[in-house]
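> quick one: sequence and predicted model below, then my questions.
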Amino acid sequence: MKKTCQRCQANFDCTPEAITTCGCSTLRLTPTTHAYLEKTNYDCLCNPCLQELDALVQKAQTPLPPPSRLRQGTHYYIENGLLVFTELYHLSRGYCCGSGCRHCAYGFQKI
């Protein structure tokens, strides 16, 4: 069946009824990534996003530095004078606040 990736909006084929033939079955995600995905609101994601998230989850294993040591471009950027936290920051924080953040790492969307 055709699905739209909730993370990047790309269209892809998904066969959850025959998971062994689904494109995602060829990926080798770490156990940490599997545990992370179970905490998200995502349904199916495309393979490129799954691979990106696997790398991001590994990068997020390093604890967040204190607020005064957050790095612009890595943990946040400034837009119209406001701090915008990156997906890495949200993932490193370890939970979803449910506020509908622009770069939510947990697939939460305000309705």
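Right, received. Where do you want to start?
> make it CA atoms for all contacts and neighbour counts henceforth
Noted.
> would you map the strands across this protein?
Taking DSSP state E, the strands of the chain run over residues 2-4, 11-13, 76-79, 82-85.
> for the second one, the distance to its chain's centre please.
The reference is to strand 11-13. 18 Å (C-alpha atoms, centre = their mean, to the nearest Å).
> for that strand, which outside residues touch it?
1-5, 22-23, 46 (C-alpha atoms under 8 Å, 6 or more residues apart in numbering).
> what pLDDT, on average, does that strand get?
The pLDDT scores in strand 11-13 average 91.
> then the last one?
The average of the pLDDT scores along strand 82-85 is 94.
> sheet partners, orientation included, of it?
When pairing is defined by DSSP bridges, strand 82-85 lines up against strand 76-79 (antiparallel).
> which parts of the partner strand are buried?
Within strand 76-79, the residues scored as buried using 16 or more other C-alpha atoms under 10 Å are Y76.
> give me the contact list for that strand.
With contacts defined as C-alpha under 8 Å, 6+ apart, strand 76-79 is touched by 70, 72, 83-86, 89.
> change it to 7 Å
Outside strand 76-79, the residues that touch it by C-alpha atoms under 7 Å, 6 or more residues apart in numbering are 83-86.
> tell me the one of those nearest P16?
Nearest to P16 among those, counting by C-alpha to C-alpha, is T86 at 30.4 Å.
> count of neighbours near that closest one?
By the measure other C-alpha atoms under 10 Å, the count of residues near T86 is 20.
> list the contacts for it?
Applying C-alpha under 7 Å, 6+ apart, we find T86 in contact with 74-76, 103.
> many thanks, we can stop here.
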